[in-house]
Each structure stands twice: as C-alpha cells, then as structure tokens.
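> predicted model and sequence follow; I will ask about them next.
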Amino acid sequence: MAAEMAFEIEPYEYDVVEGSMQGGRAHDVTMFIRGSEDRGLVAVIRKPFFPPGAFRAPSGAAKPGESLEQGALRESLEETGLEVELTRYIARICARFTSGDRPVINWTSHVFDALRRAGEIGPIDTGEIAEARWSTIEELQGRIRQALLDANWGLFRYRVALTDLTVERMELNR
C-alpha cells in the first residue's frame, strides 16, 4: 500500500511546502471524493494561484490532536462543501522533494477514497480554494492531467503521479 516518489521542485515551490510545515507538519490527507449518485464523478479543487484548467483532488493537514480520518473529513468539508464518508485508505505515499542544495523535504500523503453523503459542491474556505467542482475520471486523467503537466511545476508532477496511482488502485477495486 505504500509508494515512494521523488521530485525536484523549484525554489518557490520548496518555499510553499516549507511554509506549510508549521508545528512539524510533513503530511497531507488527500481525498478522492466520489459522487453518491454517480461514482464516476470525483470532486476536484482549484487554488487561486493555479494556472487555467489546473485542478486536483482536495487535500490538507490533520491538525494537532486530530486523527488522519478526522482531518480528512474536516478538509473535505472546508475545500468542497461536502460531508463525506471515508470508504477506504488507498495509499501512503512517501515523497522526497529536492530543490538544488536545500535540505531534502520528506513528505507523506495519506490518500483516501470517499463518498459524498451530504452537501452541495462549492468551497467553504474561499480564501484557500477558488473553485470546487465535479470531474469525470476521464477528464481528471485527460485534460486536467495535461494542464498540470503543462504548468511544469514539480509539485503538480507529484499530484499527477499521486492521482495516477490512486486511479489505478480505485479501478482495480471498484
């Protein structure tokens, strides 16, 4: 269930990751939230600084005192407006981010499959999330994947690899 990945990232991307590491944080919880009526739909988010067409699965951190599951439920609601049920732990991804001579950042992503239980899609935390919407797996693996790769950011390449692994595991276990 664990996977290892390594990515060279630009100095400004390194600063973004380093800035998110307050209190010793070195992880995220990422949720692939499926529609309750159409499980072929997955919730995606766009942050204000993302280039046009770039979306990804919602993610965030478990706060001190929260379990990964509690953090995933809270982040799902904040980023998408959806109350979800976590249905399966899909993967633990151990990533190494490098940027020139700067110290290596070791990062862990905990990836969950989830199912929408209530709510309408739309971000609650509009300061962090510019847009939340439904996407098909085909769009996620096609047009959205290409937009992320075209941006040529190491962190987007990481999100593409994380998504590829997740979709493969979701497809195998439908």
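Happy to help now that I have it.
> longest helix of the protein?
helix 154-172 (DSSP state H).
> mind checking how far that helix is from the chain centre?
Centroid separation between helix 154-172 and its chain, computed with C-alpha atoms, centre = their mean, to the nearest Å, is 9 Å.
> then stretch 113-125?
Chain-centre distance of stretch 113-125: 14 Å, with C-alpha atoms, centre = their mean.
> what residues of that stretch count as buried?
For stretch 113-125, burial by neighbour count (16 or more other C-beta atoms under 10 Å) applies to 113, 114, 115, 116, 121, 123. For every residue, glycine as well, the C-beta is placed using N, CA and C.
> pLDDT and secondary structure added to these, as CSV?
Converted to CSV, the buried residues of stretch 113-125 look like this (pLDDT from 0 to 100; DSSP: H, G, I helix; E, B strand; the rest coil):
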residue, pLDDT, secondary structure
113, 96, strand
114, 97, strand
115, 97, strand
116, 97, strand
121, 98, coil
123, 98, coil
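> that older thread, name the residues that touch the longest helix of the chain?
The contact list for helix 154-172, computed with C-beta atoms under 8 Å, 6 or more residues apart in numbering, reads 3, 5, 7-10, 13, 16-17, 30, 32, 54, 56-57, 90-91, 93, 95, 97, 109, 111, 113, 137, 140-141, 145, 148-149.
> quick one: buried residues of it?
Residues 154-160, 162-163, 165-167, 169-170 are the ones in helix 154-172 that count as buried (16+ other C-beta under 10 Å).
> got the end-to-end distance for stretch 19-39?
One end of stretch 19-39 sits 35 Å from the other (C-alpha to C-alpha, to the nearest Å).
> ok, residues contacting that stretch?
Contacts to stretch 19-39, defined as C-beta under 8 Å, 6+ apart, come from residues 40-43, 57-62, 64, 68, 71-72, 75-76, 80, 82, 84, 86, 90, 105-117, 134, 162, 166, 170.
> let me see the mean pLDDT of it.
What stretch 19-39 shows for mean pLDDT is 93.
> just give the nearest non-adjacent residue to residue 92, would you?
Spatially, and ignoring its direct neighbours in sequence, residue 92 is nearest to residue 2 (4.7 Å; C-beta to C-beta, 6 or more residues apart in numbering).
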